[in-house]
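S.K.: quick one, fold the following:
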Amino acid sequence: MILQAFSNWFTKHNALKAFAFVVIAASFSACGGDDLDDYYNQYRCLPTEEEKLAVKPQDIQTIKKYFRDNNIDTTAMQETASGIHYFVLEEGTGAEVEAGDRVEVHYVGKFIDGSSFSTSKTFDNSYERASPLTITVGAGEVIKGWDEALQLMKVGENTLFYIPSYLAYGICGNNSIPPNTVLAFDIKVLRKL
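M.R.: Predicted structure coming up:
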């Protein structure tokens, strides 16, 4: 894989940049070797803010098309200025979640590839692991869509969010999420810590 990465780099860039890549490769090899592939994959996709925002209209169209195509009743749906669409499933009775709060949540993350949330493919589920997630809201520990979504909730609330790709893993995707993928999350705020 290292030789493949070097070959790709060399053919796309001039010799000086290729030389710099070799120096980086040598540094990683001296420190353990296998980290180079992770480094290469992590930094090969660095979109600008404009590139990230350019997909927002497409993401919102994708969400609305999904609702239309699957006859999902949107009368109780709410939408933020950023394009997050959400349905409150169970009202919370506790304190409002604010930036800086440390909270514990349970969630199910799905693609929007089924006729409903329940029939769509799950990619992550904290309930199955019996391990709620603990995060500091607004600290960048999760995708931007989560940081925004959690601040719309109260302790005890259960909400279904449809998050545009530009507020999730964007044009780069991640290991299990393809690029430009709108995601759906059923999130329940268990408590503030």
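S.K.: pLDDT wise, what is Ala54 at?
M.R.: With respect to pLDDT, Ala54 has a value of 89.
S.K.: revised request: answer the last question for Trp146.
M.R.: pLDDT at Trp146 comes out at 98.
S.K.: and it, how many neighbours does it have?
M.R.: Per other Cβ atoms under 10 Å, the neighbour tally for Trp146 reads 25. (Each C-beta comes from the backbone N, C-alpha and C, glycine too.)
S.K.: can you tell me the SS state at it?
M.R.: Using DSSP: H, G, I helix; E, B strand; the rest coil, the structure places Trp146 in helix.
S.K.: per the record, what domains does this structure have?
M.R.: 2-43, 49-192 (automatic domain parsing).
S.K.: contacts only, for the spatially most central residue of the chain.
M.R.: Central residue of the chain (Cα atoms, centre = their mean): Ala168, 2.9 Å from the mean position. Taking Cβ atoms under 8 Å, 6 or more residues apart in numbering, we find Ala168 in contact with 143-145, 177, 181-183.
S.K.: reformat the residues you listed as TSV; add secondary structure.
M.R.: Shown next, in TSV, are the contacts of Ala168 (three-state DSSP):
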residue	secondary structure
Ile143	coil
Lys144	helix
Gly145	helix
Ile177	coil
Thr181	coil
Val182	coil
Leu183	strand
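S.K.: can you map out the helices along the protein?
M.R.: In the chain, the segments counted as helices under DSSP state H are 2-12, 15-31, 35-43, 49-54, 56-69, 126-129, 144-150.
S.K.: show me what the last one is packed against.
M.R.: The contact analysis (3 or more Cβ pairs under 8 Å, 6 or more residues apart in numbering; DSSP states H and E) places helix 144-150 against strand 158-163, strand 183-192.
S.K.: so of those, which one's packed in deepest?
M.R.: Per residue and on average, the most neighbours among these fall to strand 158-163, with a mean of 23 (mean count of other Cβ atoms under 10 Å).
S.K.: what's the average pLDDT for it?
M.R.: Here the average pLDDT along strand 158-163 is 98.
S.K.: just how off-centre is it within its chain?
M.R.: From the chain centre to the centre of strand 158-163 is a distance of 13 Å (Cα atoms, centre = their mean, to the nearest Å).
S.K.: please shift the residue numbers so they start at 56 in all later answers.
M.R.: Fine by me, first position is 56 from now on; the one you just mentioned is strand 213-218.
S.K.: re earlier: looking at the domains of the chain, which one has the lowest mean pLDDT?
M.R.: When I compare those, domain 57-98 is least confident, with a mean of 46.
S.K.: circling back to that earlier point, any idea which of the domains of the chain is most buried?
M.R.: Among these, highest average neighbours (mean count of other Cβ under 10 Å) belong to domain 104-247, with a mean of 16.
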